[in-house]
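Chemist: Dropping the sequence and predicted coords here.
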Amino acid sequence: MSAHKLTITYVMVFCETMTRREIRLHSELMKSATYFASAASLEGLPVNDRPQVAMIGRSNVGKSSLINHLVGMKDLAHSSSKPGRTQTINLYEIDKKFFLADLPGYGFAKKSAEQKAVFAGMIEDYLLNCEALALVLLIIDTRIPPSELDASMLEWLQFNQLPFVIVMNKVDKVKKNDLLKMHADLERNYPGIPRIEHSIDSDMHRKELLTIIENAVKLHS
Ligand SMILES: Nc1nc2c(ncn2[C@@H]2O[C@H](COP(=O)(O)OP(=O)(O)OP(=O)(O)O)[C@@H](O)[C@H]2O)c(=O)[nH]1
Ligand SMILES: [Mg+2]
């Protein structure tokens, strides 16, 4: 079966062992978070009625961990030190109002060419056709310059006029001078694109990101 055919298979897959659970959160912005659904394609998702905020980025960059940090739970989304953990589009329902969407990473070297094409197709189809898409968080690892894939994704998001913010992740691992240099490089190469620092260790970063998300969701509602 071709990669394209695979991506349009409308089969719901629950290949990650997730359980439905809900807890009350402390944040004023996110009072509850629940695992909602997983699918191998946009068409397989059971909802399209409330705004969605999507995490995209290279494998292992910290997309699933960022969701856990935002909602204040350790393991709502499955994270791993090994790349290639998230394999489907996973939706988490927030406050019964909107969804955080965790997507597979791109650029995982150990995937076959066909697997890479399937994931690329899944991500592209989701981003282009999800009418509920309110915001994309393009997550990069601040320790290393954006890869060619990051650059292509960034230009593709711009070309398609999708609303996105660059999240400079894992800043806890970066020296201040290197962080300033990364800001300067990004501003020079991608002037005017909003960017925000993030670390799973920082509550301040979490609150800043929550505010951005809340505003995007309000605008889209
Ligand atoms: N130091 C540091 N480590 C982080 C941070 N965010 C995530 N990590 C670590 O990065 C690794 C990958 O995290 P994941 O959240 O699984 O990454 P992912 O982007 O979802 O990966 P895939 O699902 O494979 O695409 C884990 O070991 C996390 O603990 C951060 O802000 N700082
Ligand atoms: Mg993941």
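Modeler: That came in fine, so what should we check first? Numbering: from 1, shown residues only. Ligands and ions are numbered 1, 2, ... in the order given.

Chemist: what sits up against stretch 140-152?
Modeler: Residues outside stretch 140-152 that contact it (Cβ atoms under 8 Å, 6 or more residues apart in numbering): 57-58, 60-62, 106-107, 138, 154, 166-171, 173-174, 178-179, 182, 185-186, 189, 197. All C-beta spots, glycine's among them, are computed from the backbone N, C-alpha and C.

Chemist: Which positions within the host helix or strand of residue 150 qualify as buried?
Modeler: Taking DSSP states H and E as the definition, residue 150 sits inside helix 148-159. For helix 148-159, a neighbour-count test (16 or more other Cβ atoms under 10 Å) marks 150, 153-154, 157 as buried.

Chemist: possible to save the residues you listed as JSON lines with distance to ligand 2?
Modeler: Output for those, formatted as JSON lines (distance: Cβ to the ion, whole Å):
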{"residue": "150", "distance to ligand 2": "16"}
{"residue": "153", "distance to ligand 2": "16"}
{"residue": "154", "distance to ligand 2": "20"}
{"residue": "157", "distance to ligand 2": "19"}
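
Chemist: Now distance to residue 53 and pLDDT too, for the residues you listed, in a markdown table please.
Modeler: Below are those laid out as a markdown table (distance: Cβ to Cβ, whole Å; pLDDT from 0 to 100):
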| residue | distance to residue 53 | pLDDT |
| --- | --- | --- |
| 150 | 19 | 93 |
| 153 | 16 | 93 |
| 154 | 18 | 94 |
| 157 | 14 | 95 |
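
Chemist: got CSV for those residues, with distance to residue 87 too?
Modeler: Converted to CSV, these look like this (distance: Cβ to Cβ, whole Å):
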residue, distance to residue 87
150, 20
153, 18
154, 23
157, 22
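
Chemist: closest to residue 119 among those?
Modeler: residue 153 (12.4 Å; Cβ to Cβ).
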